[in-house]
Each structure stands twice: as C-alpha cells, then as structure tokens.
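[1] need the 3D shape of this:
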Amino acid sequence: RSGVTMVVGLTLGMTRESAARFSMMLATPAIAGAGLLFALDSLDATDKPDWVAALLGAVISGITAYFAIAGLMKLLRNGSFRPFIAYCGVVGVAVVIAQVAGA
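    Below you'll find the model as predicted:
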C-alpha cells in the first residue's frame, strides 16, 4: 500500500519526501479505524480485555513507528527509494511463502 501511494505521488510530481509523508498520512485513518473497531469488539467480548497491555502495546508501537518513519524520511532525503523497494520485495516474498506454507 505505501509503495503504491508513494509511486502515485512521485508520478504526480511530488518530491520523494512529500510522497512518503503523503503515504504515511493516508495510513493514519485506516490504522485509527482498525484500532477503534478492535476496542469496540473488545467491549463486547465475554472476557475482560487487558487495557493496560493494549495501551502499552499501542505506545510501544507508536514509538517504533515514529523512529521507523523518521529513518525512512532521512533515507529519502539523502538517497533513493531503492532500499525501501528492496525491503518491500523481501517482505512481500516472505508473506507469499508464509501464506503458501499455511502460516
């Protein structure tokens, strides 16, 4: 998803950094919506959700995402999309292998 939105941004004349920022901003509503749906589903569950663990996970995830995005932005300011393309390729192949293996 992020790769496609970055390519579209570049095609429309955006800089590499602007295209990456735009892509990350597009992800925000989807991620927030998924979190909200998960929280609402947890309220209906028969077992009580562990809200402390959920909050801790969200905070750690947010911190990790911040540093990952900051690293990507630094990479894009100083270089090219090639390392990101390689990363997406490796992850894509790993996902296909995991799906074929039944994981």
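[2] drop to CA atoms for contacts and neighbour counts, all remaining ones
    Fine.
[3] burial of Met25, as a residue count?
    11 (other CA atoms under 10 Å).
[4] then Ala20?
    When neighbours are counted by other CA under 10 Å, Ala20 registers 24.
[5] same thing with Arg77?
    Residues within reach of Arg77, counting by other CA under 10 Å, total 13.
[6] so for this structure, which residue is the most central one in space?
    When CA atoms, centre = their mean is applied to the chain, the residue found nearest the centroid is Ala27 (6.9 Å).
[7] for that one, give me its contacts.
    Shown in contact with Ala27 (CA atoms under 8 Å, 6 or more residues apart in numbering): Ser2.
[8] relative to Val95, how far out is it?
    As judged by CA to CA, to the nearest Å, Ala27 and Val95 stand 20 Å apart.
[9] from the chain's centre, how far out does the host helix or strand of Ile97 sit?
    Using DSSP states H and E, Ile97 sits within helix 82-100. Relative to the chain's own centre, helix 82-100 is displaced by 14 Å; criterion: CA atoms, centre = their mean, to the nearest Å.
[10] helices or strands next to whichever helix or strand Ala68 is part of in the packing?
    Here Ala68, judged by DSSP H and E, is contained in helix 51-78. Under the contact criterion of 3 or more CA pairs under 8 Å, 6 or more residues apart in numbering; DSSP states H and E, helix 51-78 touches helix 16-44.
[11] list the buried ones in the helix it packs on?
    In terms of neighbour count (16 or more other CA atoms under 10 Å), helix 16-44 has its buried residues at Arg16, Glu17, Ser18, Ala19, Ala20, Arg21, Phe22, Ser23, Met24.
[12] between it and helix 51-78, how big is the angle?
    Compare the direction of helix 16-44 with that of helix 51-78 by axes from the mean of the first three to the mean of the last three CA atoms, to 10 degrees and you get 170 degrees.
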